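**Q** next one to model:
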Amino acid sequence: QLQLVESGGGLVQPGGSLRLSCVAPGFTLDYYSIGWFRQAPGKEREGVSCISRGGGSTNYADTVKGRFTISRDIAKKPVYQQMNSLKPEDTAVYYCAAARLRCGNEYEYWGQGTQVTVSS
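**A** A predicted model of the protein is given here:
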């Protein structure tokens, strides 16, 4: 069973940056498109970004365009989400998830999440 593990969350001041990582220990993510999602207290889960299997296609929620960048290192396996110019409204638990083949397909596997808090 594929298991995803996120890391890189933490407390950061507004305007700061964080880089999240998503790995699958013992497995390869090469066959999956990977999405990042987030859920803030009292709010529904929101899709943030997604990257295709080969890394050639990415898409972003309007709320993070120009600030977040999703990437993947095929050789080293992790999928990253670089988050710049963070705002308090970015505070949430961030999850990575894997979908077979394409972004937008059913996300079959999910991580446990990593907390991101943006506060002064």
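**Q** contacts and neighbour counts: CA atoms only from here.
**A** OK.
**Q** run through the protein and note the low-pLDDT ranges.
**A** Within the chain, the set of residues satisfying pLDDT under 70 comprises 74-76.
**Q** and the residue nearest the centre of it?
**A** Trp36 (2.9 Å; Cα atoms, centre = their mean).
**Q** so it sits in a strand?
**A** Yes: applying DSSP: H, G, I helix; E, B strand; the rest coil, one finds Trp36 inside a strand.
**Q** give me the element the residue lying closest to it once chain neighbours are set aside is part of.
**A** In space, and not counting its chain neighbours, Trp36 is closest to Cys96: 4.5 Å by Cα to Cα, 6 or more residues apart in numbering. Secondary structure from DSSP states H and E places Cys96 in strand 92-100.
**Q** which strands and helices lie in contact with that strand?
**A** Helices and strands touching strand 92-100, by 3 or more Cα pairs under 8 Å, 6 or more residues apart in numbering; DSSP states H and E, are strand 5-7, strand 32-39, strand 107-110, strand 114-118.
**Q** any idea how far Leu11 is from Ser119?
**A** Plainly put, Ser119 is 7 Å away from Leu11 if you go by Cα to Cα, to the nearest Å.
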